[in-house]
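Enquirer: I would like the atomic coordinates for the input below:
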Amino acid sequence: MADAFGFSIHTTRFDEDYSPSESSRATTNFANLARGEHRQRNLRNTLTMMNQRFNDLAHWDNPTGDRYALELDIVSAQLEFTASGADQQFPLLEVLDIWIVDRQTGERHHGIVGNNFSSYVRDFDFSVLLPAIKANAADAPLPHDFGELHGKLFEHFLDSAAYLERFTALPVICISVSTSRTYRQTGNHHPVLGVEYQQDDSSLTDDYFGKMGLRARYFMPRGSVAPLAFYFRGDLLNDYTNLQLIGTISVMETFQKIYRPEIYNANSAAPTIYRPSLQQQDYSQTQIAYDRVERSQLAITQGKYTEEHFITPHKDVLEQWAGRNLASVA
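Expert: A predicted model of the protein is given here:
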């Protein structure tokens with residue numbers, strides 16, 4: 001079953017002229033920003049925020065605060081079954097790839113791939129399968145293999161020729177901290193990532209990313225008001241350069257300020273013991289339109305699309321490849 005499917009990759013530049021492709025998940029941060037009458041202003045302001053934050057953190061030999069500019073590509077991975085028939089291709093996931101342009105020297109530095117993470121199968125797991133499991137009892141335990149198919153597909157993608165031909169480093173995914181957990185500041189301080197926090201207990205998201213082979217650390221960079229969650233393999237603090245880490249912080253903190261301003265655009269910084277809350281009222285709104293309600297509704301639609309066009313028609317092949325029975329929501 002090793003050759004039951006393969007992967008292909010294509011990229012789309014994320015700039016002020018970006019328009020989502022038909023196969024792009026509509027709930028991604030970048031796709032949400034690129035709709036509506038103010039789409040181009042949204043995108044331009046978002047990129048400006050990212051560049052300003054990058055130059056703020058990369059302040060050495062940068063007296064005018066404009067030495068660096070970011071170029072972003074959306075990396076779309078498509079899974080392709082070798083058998084013939086309908087639904088033989090499926091848009092598995094999307095991540096962001098960062099390039100850092102040094103305007104002073106003309107050099108371009110490759111940043112970190114990953115950053116934002118978008119997955120149709122995750123939509124199925126969290127917006128279709130999970131509600132079905134919890135329908136009769138909110139405290140119903142999750143099956144031990146919840147998220148295993150998704151994790152195996154992700155790891156298989158990282159080992160694929162499609163990934164290895166394009167990327168030499170492992171990805172880092174950066175998201176918001178969990179509103180269901182408490183974070184405590186430690187004495188560890190990194191020159192770029194900032195002060196480290198530790199979580200009181202693992203969250204469902206942590207467990208889910210764990211099945212993708214990723215573990216989490218939480219850091220609040222200088223000038224930030226809340227820690228970010230970094231999911232990675234290897235050594236987060238030593239496998240990447242300062243500029244690479246700054247690229248990920250700048251991009252993902254900007255998205256979080258837009259998407260979760262209650263946490264990441266709060267008017268006061270996280271204390272030593274911190275419990276994030278979307279009920280926080282003391283925060284500032286960005287001037288960038290983002291529809292969180294639509295995002296949640298689309299996740300359900302996309303989860304059902306995944307069930308119809310990926311899980312159901314390829315159930316036998318996926319079960320044989322993954323070595324387990326796939327959960328059913330029927």
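Enquirer: Tell me the first helix or strand C-terminal of whatever helix or strand L245 lives in.
Expert: Using DSSP states H and E, L245 sits in helix 242-259. With elements assigned by DSSP H and E, the helix or strand that comes after helix 242-259 is helix 261-264.
Enquirer: Give me the contacts around that following helix.
Expert: With C-beta atoms under 8 Å, 6 or more residues apart in numbering as the test, helix 261-264 has contacts from 176-177, 179, 224-226, 253, 256-257, 276-281, 283-286. For every residue, glycine as well, the C-beta is placed using N, CA and C.
Enquirer: how about that helix as PDB, C-alpha atoms only?
Expert: Only the C-alpha atoms of helix 261-264 are listed here, as PDB (Å, rounded to 0.1, in the frame of the first residue of the first chain):
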ATOM      1  CA  PRO A 261      -7.500  40.500  19.100                       C
ATOM      2  CA  GLU A 262      -8.900  39.800  22.600                       C
ATOM      3  CA  ILE A 263      -5.700  37.800  23.200                       C
ATOM      4  CA  TYR A 264      -3.100  39.100  20.900                       C
END
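Enquirer: now that helix: how far from the chain's centre is it?
Expert: Centroid separation for helix 261-264 versus its chain: 17 Å, with C-alpha atoms, centre = their mean, to the nearest Å.
Enquirer: now stretch 199-215
Expert: That offset, for stretch 199-215, works out to 14 Å (C-alpha atoms, centre = their mean).
Enquirer: Please report how far T241 lies from I98.
Expert: 12 Å (C-beta to C-beta, to the nearest Å).
Enquirer: Mind picking out the helix or strand in the chain with the poorest mean pLDDT?
Expert: helix 29-33 (a mean of 65; mean pLDDT, DSSP states H and E).
Enquirer: Check which helices and strands the helix or strand just after that helix is in contact with.
Expert: Using DSSP H and E, the helix or strand that follows helix 29-33 in sequence is helix 39-57. When contacts are defined as 3 or more C-beta pairs under 8 Å, 6 or more residues apart in numbering; DSSP states H and E, helix 39-57 sits against helix 29-33, strand 68-81, helix 242-259.
Enquirer: give me the low-pLDDT residue ranges for this protein?
Expert: Low-confidence segments of the chain (pLDDT under 70): 1-2, 21-32, 34-37, 83-87, 290-296, 324-330.
Enquirer: and T241 and I98? which has more neighbours close in?
Expert: Neighbour totals were compared for T241 and I98, and I98 leads with 25 against 15 (other C-beta atoms under 10 Å).
Enquirer: Please settle this for me: is the more buried one part of a strand?
Expert: Yes: counting by DSSP: H, G, I helix; E, B strand; the rest coil, I98 falls inside a strand.
Enquirer: and it, what is it in contact with?
Expert: 70-72, 110-113, 115, 244, 247-248, 251.
Enquirer: now do S203
Expert: S203 touches 178, 180-181, counting by C-beta under 8 Å, 6+ apart.
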